[in-house]
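*Asks:* I'd like to go over a predicted model; first the sequence, then the structure.
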Amino acid sequence: MRLPIQEEGGVMLGRPDFPCVLGAPWETGEVLASGSRLWLCDPPKVIRWDAMEYDEKLARFRQAHLNPFNKQSGPRQHEQGPGEEAPDITPEEALPELPPGEPEFRCPERVMDLGLSEDHFSRPVGLFLASDVQQLRQAIEECKQVILELPEQSEKQKDAVVRLIHLRLKLQELKDPNEDEPNIRVLLEHRFYKEKSKSVKQTCDKCNTIIWGLIQTWYTCTGCYYRCHSKCLNLISKPCVSSKVSHQAEYELNICPETGLDSQDYRCAECRAPISLRGVPSEARQCDYTGQYYCSHCHWNDLAVIPARVVHNWDFEPRKVSRCSMRYLALMVSRPVLRLREINPLLFNYVEELVEIRKLRQDILLMKPYFITCREAMEARLLLQLQDRQHFVENDEMYSVQDLLDVHAGRLGCSLTEIHTLFAKHIKLDCERCQAKGFVCELCREGDVLFPFDSHTSVCTDCSAVFHRDCYYDNSTTCPKCARLSLRKQSLFQEPGPDVEA
């Protein structure tokens, strides 16, 4: 490309936007009518007119628009080459030498003083103010002393124990900052872990919106499985329900104990947001478990089986509950806290499956002493067949909601019968030591070896001797073993005669 340049009076003129070039091969053009000569040139390197004036303007522009956060320390690493990009420079390097008489605006220290040392971010709710290991250890020792001074099983002592747990968790986080700090958050007794799954779509329990794992960070509480965005952590106002399960594991056994919306001051029972029975945006939704009313953010119309309806009416129809109640019922479903004989003893008269389950549990309790004293049974770990229902080898009165659900579905009777058969086979057929611990009916002295869990036997309540049921009731429940033990006791404590005294 050739650029026309006009020479006039010994000075080469060109277009303002195409300045003249230096070092280019100049060629003579035509002479214009005005006596000027037109020159043509190639455009490699551009000559800037008034170079010093341009540098001064550039320096002032950089000074006015200086970013205080680009300040670096140390000398310049290297000079810019002809084909290299301009590196990051310090404010002192960006300001050239100003001509004399110009005011100096350079004040990097004043520019950097932006007040950024202030903490404008509030602390998340539930975090402790202790910031170092020494303060946390001192707080832990003080909390231990308070627990020892408070009355046993009091509410204040339980709260102090919860505080001690959180102080120790916080101390552990400070000891392992590289491992736990980025992934663990402890808020209001919740212990949140950062989730790594990117493909599973979840819903935030706080803002009721979808969690997009590919672009959003989200956390899950390991105690109650509360899920929320990282931005919603500091907005959580409800403590973790797992603490209630640990300290006060019991059900509300009144069916939908409603107290009225006016008793809640027309506010949500959880987040205290205004609600009403007729308002569409603030619709009041009742929880069938607690009987209280909640807003649409705290009550998602989740369905759950209500324990009170099960134990009183044998009703397993799921009802609408709040999110908090649903998490609590989910954590309590496997806990054996229902004593049916005290809550509703008539339930065994109407549900035959419960009678069968109770008989199987009583037999298993009678088999337990055989397994404890048998080496082969301990090596085979037979009692671990009931590891999911450990309370079955401890008593025959406590039930969990999961037990009642399995009874209603017919699963528990089948599985418990199989375990009962396996236990009886070991005692009566497989193990000689356990067979040697059987009984012979002392009333008829006939028949096979008897065991207390056999269906046709009766057990003496005083000495635990085993008899045939017919023999035992035909003799008016008189136990010969008890009579023999009584005579032996009398002979041991009988007073000596006169000959012995002499």
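*Replies:* Everything's here; your move. In this text, all values refer to a predicted model and were calculated from it rather than measured experimentally. Numbering: from 1, shown residues only.
*Asks:* for stretch 249-257, what is the average pLDDT?
*Replies:* Confidence for stretch 249-257, expressed as mean pLDDT, is 89.
*Asks:* Look at it and report the distance between its end residues.
*Replies:* Counting by CA to CA, to the nearest Å, you get 19 Å between the two ends of stretch 249-257.
*Asks:* Give me the contacts around it.
*Replies:* 286, 288-291, 306-309, 311-313, 332, 335, 337-338, 343 (CB atoms under 8 Å, 6 or more residues apart in numbering). C-beta: built from backbone N, CA, C; applies to glycine.
*Asks:* how far out from the middle of the chain is it?
*Replies:* The chain centre lies 25 Å from the centre of stretch 249-257; the measure is CA atoms, centre = their mean, to the nearest Å.
*Asks:* buried residues in that stretch?
*Replies:* Within stretch 249-257, the residues scored as buried using 16 or more other CB atoms under 10 Å are 251, 253, 255-256.
*Asks:* Contacts only, for residue 147.
*Replies:* If you count contacts by CB under 8 Å, 6+ apart, residue 147 has them with 157, 160-161, 164.
*Asks:* That one looks like it's in a strand, true?
*Replies:* No: applying DSSP: H, G, I helix; E, B strand; the rest coil, one finds residue 147 to be helix, outside a strand.
*Asks:* one step back: the buried residues of stretch 249-257 in helices, which ones?
*Replies:* Using DSSP state H to define helices, no part of the buried residues of stretch 249-257 is located there.
*Asks:* is it true that residue 296 touches residue 283?
*Replies:* Yes: using CB atoms under 8 Å, residue 296 makes contact with residue 283 at a distance of 5.9 Å.
*Asks:* Let me know whether residue 230 touches residue 213 as I believe.
*Replies:* No: Residue 230 lies out of contact with residue 213 (CB under 8 Å); the separation is 11.8 Å.
*Asks:* Overlap of the contact sets of the two?
*Replies:* Between them, residue 230 and residue 213 share no contacting residue under CB under 8 Å, 6+ apart.
*Asks:* before we move on, back to that, could you say which of the contacts of residue 147 is surrounded by the most neighbours?
*Replies:* In terms of neighbours by other CB atoms under 10 Å, those top out with residue 160 at 20 neighbours.
*Asks:* Dump the C-alpha coordinates for the helix or strand hosting that one into CSV.
*Replies:* Per DSSP states H and E: residue 160 is located in helix 155-175. The C-alpha trace of helix 155-175 is given here as CSV (Å, rounded to 0.1, in the frame of the first residue of the first chain):
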residue,chain,number,x,y,z
GLU,A,155,-31.5,-29.2,80.4
LYS,A,156,-28.7,-26.8,81.1
GLN,A,157,-26.3,-29.8,81.4
LYS,A,158,-27.5,-31.2,78.1
ASP,A,159,-26.9,-27.8,76.4
ALA,A,160,-23.5,-27.6,78.0
VAL,A,161,-22.6,-31.1,76.6
VAL,A,162,-23.7,-30.0,73.1
ARG,A,163,-21.5,-26.9,73.4
LEU,A,164,-18.6,-29.0,74.5
ILE,A,165,-19.0,-31.2,71.4
HIS,A,166,-19.0,-28.2,69.1
LEU,A,167,-16.0,-26.7,70.8
ARG,A,168,-14.0,-29.9,70.3
LEU,A,169,-15.1,-30.1,66.6
LYS,A,170,-13.9,-26.6,66.1
LEU,A,171,-10.6,-27.4,67.8
GLN,A,172,-10.2,-30.4,65.5
GLU,A,173,-10.8,-28.1,62.4
LEU,A,174,-8.2,-25.7,63.6
LYS,A,175,-5.7,-28.5,64.1
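*Asks:* Averaged pLDDT, that helix. What do you get?
*Replies:* Averaged across helix 155-175, pLDDT comes to 81.
*Asks:* Buried ones in that helix, by neighbour count?
*Replies:* So, applying 16+ other CB under 10 Å, buried residues of helix 155-175: 157-158, 160-167, 170-171, 173.
*Asks:* and which of these is nearest residue 476?
*Replies:* Checking these against residue 476 by CB to CB gives residue 158 as the nearest, at 53.8 Å.
*Asks:* just to revisit the earlier point, just the closest of the buried residues of helix 155-175 to residue 207, please.
*Replies:* Among the buried residues of helix 155-175, residue 166 lies closest to residue 207 (CB to CB), at 25.1 Å.
*Asks:* Now name the helix or strand holding the residue nearest to that closest one when sequence neighbours are not counted.
*Replies:* In space, residue 166 comes closest to residue 186 once its chain neighbours are excluded; the distance is 6.2 Å by CB to CB, 6 or more residues apart in numbering. For residue 186, the host element (DSSP H and E) is strand 184-187.
*Asks:* list the helices and strands the helix or strand just after that strand packs on?
*Replies:* Where DSSP H and E defines the elements, the next helix or strand beyond strand 184-187 is strand 190-194. Strand 190-194 makes packing contacts with strand 184-187, strand 218-221 when contacts are defined by 3 or more CB pairs under 8 Å, 6 or more residues apart in numbering; DSSP states H and E.
*Asks:* Check those for me: which has the lowest mean pLDDT.
*Replies:* Among the helices and strands packed on strand 190-194, strand 184-187 scores lowest, at a mean of 76.
*Asks:* Each with direction, which strands does that one pair with?
*Replies:* For strand 184-187, the paired strands and their directions (DSSP bridges) are strand 190-194 (antiparallel).
*Asks:* what's the angle between the partner strand and helix 155-175?
*Replies:* 20 degrees (axes from the mean of the first three to the mean of the last three CA atoms, to 10 degrees).
*Asks:* Could I get the buried residue list for strand 190-194?
*Replies:* In terms of neighbour count (16+ other CB under 10 Å), strand 190-194 has its buried residues at 190-192.
*Asks:* Tabulate these in TSV, adding columns for distance to residue 137 and pLDDT.
*Replies:* Formatted as TSV, the buried residues of strand 190-194 follow (distance: CB to CB, whole Å; pLDDT from 0 to 100):
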residue	distance to residue 137	pLDDT
190	24	80
191	21	79
192	24	82
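*Asks:* Looking at those residues, spot the one nearest residue 490.
*Replies:* Within those, the smallest distance to residue 490 is 64.8 Å, found for residue 191 (CB to CB).
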